[in-house]
Structures are given as C-alpha cells and as structure tokens.
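Asker: Next one to model:
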Amino acid sequence: MQFSSSKPANQDVVVVAIDDAALDKLGAWPWPRDVLARAIDLLSSAHPSVIGLALPLDTAQTYQGLEDLQKINEMVALPSAQVSQTIKRKLIQLERGMDTDQTLARSMSRAGRVVLAIPYLQNKRAVSIEQKDLPDYLKKYSLRNVAMPKRSALMRWLRPELVPVAGKVYPPIESLARYAGGAGVINFGGYGQNVARSLPLVYRHGDSYLPSFALMMTARDMLLSTRNIQVDLEHSLELGNKRVSTDDKLRIYPRFYRGKNGQPAFRTYSILDLLNNKIKRSSLNRKTVLIGLTATQYVNPLMTPIGEYMPPVMVAAYAVSSMLNEELFKIPASSGWLQFAAFVIVGLYLMFVLPRFRLSTGIIMSLLLVVLLLNVFFYSMISKSTWLPLMTPLFALLLGHLVLGIKHAIEGRLKRIHDELSDANQALGQFLHQQGQLDAAFEKYRSCSLGKSLLSKLYNLGLDYERKRQFNKAVTVFRYIDTCELDYNDVHERLNRNQQVANQILGNGGSMAANHVDATMMINSQGVEKPMLGRYKIDRELGRGAMGMVYLGHDPKIGRTVAIKTMSLGQEFEADRLDDVKKRFFREAETAGRMNHPNIVTIYDVGEDQELSYIAMDYLKGANLLEYSKPGKLLPVAEVFAIMMDVAGALEYAHQQRVVHRDIKPANLIYHREKKRITVTDFGVACLTDVSRTRTGTILGSPSYMSPEQLAGKKVDGRSDLFSLGVTFYQLLTGELPFMADSLASLMYKITNEKHPDIRMFKPDLPSCVSQIINKALHKDIERRFQTGSQFAKTLIRCRDRMTVKNRKKATTETSSDK
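Answerer: Predicted coordinates for the structure are as follows:
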C-alpha cells in the first residue's frame, strides 16, 4: 500500500518549473535575475494569490562593467561636468539594466505577495559554524508569537531541542528581502537532508524561530502574516484561527497526491512557456504559484513516503496543498506514549509469552499480533487520517521473533547432537591420548558426559602426565576425577603424591619440560610412574651433555633399547631465533637418520615433548675417545690410525649425503675397544653449533676443534669436519691439543692465524708422513686441506704402510744385530 490520497490535489496550487527544456533554451543555471524579474512581472499581471520563489537567492549578482558605469554616472553628476542630459539618462538606463538584483527587486515590489526561500543546514552539519542570530533585515520574517514552555532539567536533558535547528541559514540578500512579502526555511537536500517523510513548520536559528517556506506560502495565501501564526513549542501551531495538525516537534505529515498517468497532481508549467506567453492568464489568476528548479542536474531530490524522489519545490507544493485542503495526517498528542506502550507489549510478549510455546504455535501467535498492529495502523491512516507510530514496534516484533526462532532452532539442534558429540569427543580424546597429545585429549574428555568408561580414560591420562613429569597437570586430572566421583581407585593418594612432588620441582609449575639443561627427569619418589619422553620410557640417566641430559630408555612397543639425548632449545636460544633453530635441528636430524653406515650411529627417532627436543639413537657400548686422549692413556699409533681411517670413511659417506657434522671431537667418537669398532655420534645435534652462541653467551661446540672458517661464522662444508678430525688425530697421538690459549679470544686467534706445533715435538718417533698429514689437515687455506674423507683415509693408509715397512726393517735389523 502506498500512502497517497485518492482525493485530488488543491487546484489552486500551481508549479512553474525551471526544467531541462528551459535550461537548454536559456542557458545554464543561475540565470540573470532579470529573467526571473520578467517571469514575476508576467505572473503578477495574471493576479495570482501569492508567488513563492523556491530558489537560493543568498548572493548578489554583479556583472563586469557595472562598477565602471556607476563611477561614470557619479562623474556626470558633478557640477563641472559638461555632459548632456541625454548621455546621463542613457548611463542610468544601462546601470539599471546591468543591476539584475535591483530589476528583480522592482518586480517583486510591483507583484506584492512574494515569498522567498531560506536554504539551511542542520545543526549537526553546521555546529562549528552556527550563526548566533539573524541579520537585522530578516528579523521581520521571524515568528513573534512563540510560547516557551517551562521545562525541568531532566526534560531539557532528555530532549534538548523542541523543534529542528537550522544551524546555518542562507537568507536572501537584503536588496531582495526588503521587497518580499515573507520568507521561509526550505530543505534543498544534500548533506544527508534527503528525506521528506515529515516536514517541520518551525525552525530554531540562534535566538529566533523561523517559519518553513510551505507555512509562509499557506499563510500568505490566506492573507496572513507571521503576526497571525501562534506557536506553542511543545503542543501546537495555529494559523490564524485554525490549528494545524502537527506532532510534538511541530512537524506535519502531508498527503502526497497521485496524478493521472504518472503526471504530477498539480498543474505544472515550464517557465519557458511563461516567458513566451503560452500560459493563459486565467490559469494563474488567484493561484498559489511556486517557482523552482526541477532540472535533474541542479536538484537534490527528496525521498517521499510514496516511494518517489521529488524536487524540493514539488515537496513544498504537496505540503501547501495539504494545509490548504486541511488534509494533513493527524498526530495524537499521546503518540509518544502509545509507541512506548507498544514497545512494552512487544517486549513482554517476546520475553515471557513466546518462549513458552512451540515454534509453530509461536509463529501463528506472532502473525496474529502483526496483523493486529497493521490493521490498527492502516485503519487509523485510511479512516481517521491519523498517523500512529506503530511501524517501529512492528519491526521490533518481527526482528525479535526472528532472533528467538533462530535461538530456539539452534538450541534444539544442539540438544539433539549433544549426545553424539559426547561419544565423538570421547573417541577423539582416546585417539589423541594414544598419539601423545595429552592436553588436547583432556580437553576432549572434559567435553564428554560422565561415565565409568570416561573415568577410566581420565585415570590413565593422569598416569601418563606422571610419566611425562607434568605433575601439576596430573594433579588437575586427578582432582577432576575426584570431583566427579569420590574414592575412585587410588585417585586421592595419587593426587596428594603428585602435589607434593610438584611443589619440590624447581617451582616451575610441576612440569620439567622447560627446566635448565642440568635438570634430570628422574625423580626418586615412591609410587610415581617412570617418566616418558615421546613414546620412550626412561630407565636411568647415562650422563650430561653440553645442552642436556642423556638417558637410557626403551620403546615399550618393540622392546628396543635406545640412548636418548635431550636438548632444551627453548632454554638455550632467544625466542626470535628459536623457530629457526628448531626447524634446522629437525631437518638435519631427519637427514642424519637416513644414513646407514657401520661407523655412524643409527638414529631411530627425533621429536619434541613439552619444549624438550630429543634424539633417540642406538645404545652403544664402549667409551668416548676422551679417555684415550690424555698422556699416559694414549692408544697405540697403529690403533689410532685404524680409528682415523674408519672415521674418515664415515665422514666421506656423510658428506656424500650432504650432511656436515660440524663438531668432530673425541667426545663424539664412541670406541668399543674389544670389537675395535669406532662410531661417530651426534649427527643432527652438532648442526646447532652453527648458531654460535646461546642466550647465556655460551659457545656451542668445542672451539679447540673448530676450523678457522667455522670460528669466523662462515658457511662450512665437509672440509671443516676434516680439519676437526686432524685436531682429534693430533690429540690422540700426543695427548695435547694443537692450539691452546688462556682465553677464548687468544684461542680463536691462534686457530685462525698461527701454525700449530710440529707433532714430532711431542712424539719424535713418529715418521715425517704423520707430520705431513697433520700439516695438510690443519692448513688455514681450505683449498690446501684434504678435500674429501677418502683422500684423508688413503693418505693415512699410505703412511701406515710406510710405518709398517719401516717397523719391519727395524725389527729385522735388530734381529740381525742380536745374532
């Protein structure tokens, strides 16, 4: 339904439109005001009731040369000027012809009742430039009979303005306003003022109250002035002796009449027809004529209740017609309370009535209530011409029902799937538990409905937290079980035992994953499960490394015994480098795990458990070569050569796999002397030595065995490992390091710049080939060292063979001498 009247519009209202055709003929807007003056002259000759100029006239029109003509005219007026009266009269005529503002003013003076428009900006758009008061020449057009009600401080706070505020107005220039029969505020659109559902009749500007353009047009048509307009700011407006139907903000709700075949409801003429005398004078006699722009490129159209956009002059015409016909929609004085009561009823219905019924029943009840509100609204509109503010409560009803319906549907769906989710979460929690993701499993278990099977799974989860030395989390799980069911198994005893142990462990919340590298996972406490690291159960401690502990453990599933080396990377490296270190560690450990060589330790697994990184490798029997690198405990030279050849072969294989050890030293070489078997360990771990320093400033790796390029932080390859092997060879033969110093800086300087002592200074009985091997292996220039492990091994073999021949000859000579 469209809110348009079936009654005809007031036939005394006429619109003279400045349309596209007129602009095409007479040029772009604004026109010279003598054109408007001519239009007013033609209109006034038809004796209309009132003429309204719904046009902005707030600036003067001056043309180039007018000031010069005025100066010449002043010169002519001088007594000494000998200028003919004919020239003077001609100059006066030219001056008057170019001063179009005065031309229009004279036409308005002759016409009589001409109402001018005052465009405005709302207060929220012009708060920073609000004018305090009207110009003096415009004050005569302001409303004089305005009753100011007494209002409490609370009411002033709740409703600071009784009528709309025109923050900035653009009044007509003084030369025109002087001859106007009235002036009123009009909305020309723009700046967010594009809606015309209701039209204010009164505006406040500074300390003055101004009538609207439509109100002044109606008043002048009724032969009234601003003196005859009585305003009560909180209740009503009277025009003469007639009360105008307004709301509490003195706004009217006009009828928007509908013409035939899409034509305007009013007689509308083009100003071009008026200027060409194509309009009969009888069509304009005693009419209310509004002149305004309708050309699309110069108009900001206003949105009306009938769904159409209209130029401001047409909206003003509908308002004038509604007031003259006395067909305004009436607004009850209690409309605000009525709307509030409707909101209360809708709110009570949504909160207390609708939730008690099923979905289908609720829909029927809401539809009945919607139909009731619509019938009341349309009945009052059609039959009583009364506008009841029920649309907003109706919208709130529909929106509230939609929200409650969605809520009801969601709750029903959630209730139906809750049991299914509980079973699914329990199955998923069990799967996560088996995968070692204990925290995620606990979260899933807590989402399940309680039952015997769930309590059993939670109990096993608590035991696994014990094994992982996460005692605080074990306490949480056992306390959760104890809360759900008292006296379940030995939960109470385990809860107390885990709490006691947690309070003793370094004050880090009961978890040992982030402790210092010297901390051990082995806890001497009765009744506490043996620790687990990943899928491995820890049996005992084997030793301590530079970055963590080494444990003996086993894989419960296959019974394999392994050595587990742990590293707390989060404790050793800064947070900004930790991710990169971890990626590098796992990448190189994975590569090392793919190697298969009899002299390289087998890596079975690599992982991370609660910020503790670990490598599970083959458990080797024997001891590292540190035991045989001290004077008095040195191995025989031939045995050292055999070890070095095997290590060089192992490095050759590793380098072919693109794996660089980076930390070759006696401590990383495990030797089983009975089986004469040497094994290189710590592949994958030694990659961390390239990071150089930990957060505590400790240099990872062993600087005494590092190559010059590794100390310099350069990218290293297999030749750096061969340098370290040369240092190890030197130490195993002599019991001394080739480079020693009192400080780290001095040591680094010696390795980088100074030549090592000749090995035969410590072992004079060694052949020269050994010295040559050492010299080549420890050369500062990487290109002059051994380039591959096989080259190193072959050189060792040749030197060993020479030593063997020499020893045989020596033995033969000694035997001959004895004979």
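
Asker: Output the below-cut-off pLDDT ranges for the stretch 401-550 of the chain.
Answerer: The model of the stretch 401-550 of the chain has pLDDT under 70 over residues 505-529, 545-547.

Asker: Can you show me the helices along the stretch 451-600 of the chain?
Answerer: 452-467, 471-484, 491-504, 569-572, 575-593 (DSSP state H, counting those that start in this stretch).

Asker: would you list those helices in CSV and tack on mean neighbour count?
Answerer: All C-beta atoms are positioned from the backbone trio N, CA, C, and that covers glycine. As requested, the helices of the stretch 451-600 of the chain are exported to CSV (neighbours: other Cβ atoms under 10 Å):
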stretch, mean neighbour count
helix 452-467, 19
helix 471-484, 21
helix 491-504, 17
helix 569-572, 20
helix 575-593, 16
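
Asker: Compare those and give me the one nearest Asp101.
Answerer: The closest of the helices of the stretch 451-600 of the chain to Asp101 is helix 575-593. By Cβ to Cβ, the value is 75.0 Å.

Asker: Can you name every helix or strand that the helix or strand that the closest one is followed by contacts?
Answerer: Next helix or strand after helix 575-593 toward the C-terminus (DSSP states H and E): strand 603-609. For strand 603-609, the elements it packs on are strand 560-567, helix 575-593, strand 612-618, judged by 3 or more Cβ pairs under 8 Å, 6 or more residues apart in numbering; DSSP states H and E.

Asker: on that earlier part again, make a markdown table out of the helices of the stretch 451-600 of the chain and add distance to Gln435.
Answerer: Formatted as a markdown table, the helices of the stretch 451-600 of the chain follow (distance: least, Cβ to Cβ, whole Å):
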| stretch | distance to Gln435 |
| --- | --- |
| helix 452-467 | 12 |
| helix 471-484 | 17 |
| helix 491-504 | 23 |
| helix 569-572 | 22 |
| helix 575-593 | 18 |
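
Asker: Which of these sits closest to Ile331?
Answerer: For Ile331, the closest of the helices of the stretch 451-600 of the chain is helix 471-484, at 63.6 Å, according to Cβ to Cβ.

Asker: what's the closest one packed up against?
Answerer: helix 438-446, helix 452-467, helix 491-504.

Asker: With distance to Asp580 as added columns, please give those helices in CSV.
Answerer: Putting the helices and strands packed on helix 471-484 into CSV (distance: least, Cβ to Cβ, whole Å) gives the following:
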stretch, distance to Asp580
helix 438-446, 25
helix 452-467, 31
helix 491-504, 33
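
Asker: do you know which of the ones you listed lies nearest Leu399?
Answerer: Closest to Leu399 of these is helix 438-446 (Cβ to Cβ; 36.6 Å).

Asker: Let me know the angle separating the lengthiest helix in the chain from helix 452-467.
Answerer: The longest helix of the chain (DSSP state H) is helix 391-434. Here the directions of helix 391-434 and helix 452-467 differ by 60 degrees (axes from the mean of the first three to the mean of the last three Cα atoms, to 10 degrees).

Asker: Among the helices of the stretch 451-600 of the chain, which comes closest to Gly543?
Answerer: For the helices of the stretch 451-600 of the chain, proximity to Gly543 was assessed by Cβ to Cβ; helix 569-572 is nearest, at 18.0 Å.

Asker: before we move on, the earlier item: right, so of the helices of the stretch 451-600 of the chain, which gets closest to Leu57?
Answerer: Closest of the helices of the stretch 451-600 of the chain to Leu57 is helix 575-593, at 70.1 Å (criterion: Cβ to Cβ).

Asker: which stretches of the stretch 1-150 of the chain have low pLDDT?
Answerer: Counting by pLDDT under 70, the stretch 1-150 of the chain shows low-confidence ranges at 1-7, 62-98, 123-132.

Asker: show me where the stretch 651-800 of the chain has strands.
Answerer: According to DSSP state E, counting those that start in this stretch, the stretch 651-800 of the chain carries its strands in the segments 669-672, 677-680.

Asker: Can you give me the buried ones in the first one?
Answerer: Going by neighbour count (16 or more other Cβ atoms under 10 Å), the buried part of strand 669-672 is Leu669, Ile670, Tyr671.

Asker: swap in the last one?
Answerer: Taking 16+ other Cβ under 10 Å as the neighbour-count basis, strand 677-680 is seen to contain the buried residues Arg677, Ile678, Thr679, Val680.

Asker: I'd like to know which of the residues you listed is nearest to Ser568.
Answerer: Set against Ser568, the nearest of these by Cβ to Cβ is Val680 (24.1 Å).

Asker: coming back round to it: tell me the one of the buried residues of strand 677-680 nearest Gln230?
Answerer: Looking across those and measuring by Cβ to Cβ, the closest to Gln230 is Val680, at 108.8 Å.

Asker: For that closest one, list each beta-bridge partner.
Answerer: Note on Val680: beta-bridge partners by DSSP bridges are Ile600, Leu669.

Asker: quick one: contacts for it?
Answerer: Asn599, Ile600, Val601, Val647, Ala650, Leu651, Ala654, His661, Ile664, Asn668, Leu669 (Cβ atoms under 8 Å, 6 or more residues apart in numbering).

Asker: wait, what's in contact with the closest residue to Tyr349 other than its chain neighbours?
Answerer: Setting aside the residues directly before and after it, Tyr349 is nearest to Leu369 in space (Cβ to Cβ, 6 or more residues apart in numbering), at 6.8 Å. Going by Cβ under 8 Å, 6+ apart, Leu369 touches Val346, Tyr349, Leu397.

Asker: Same question for Thr100.
Answerer: Residues counted as contacts of Thr100 (Cβ under 8 Å, 6+ apart) are Pro32, Arg33, Asp34, Ala37, Gln61, Tyr63.

Asker: Cool, thanks, talk later.
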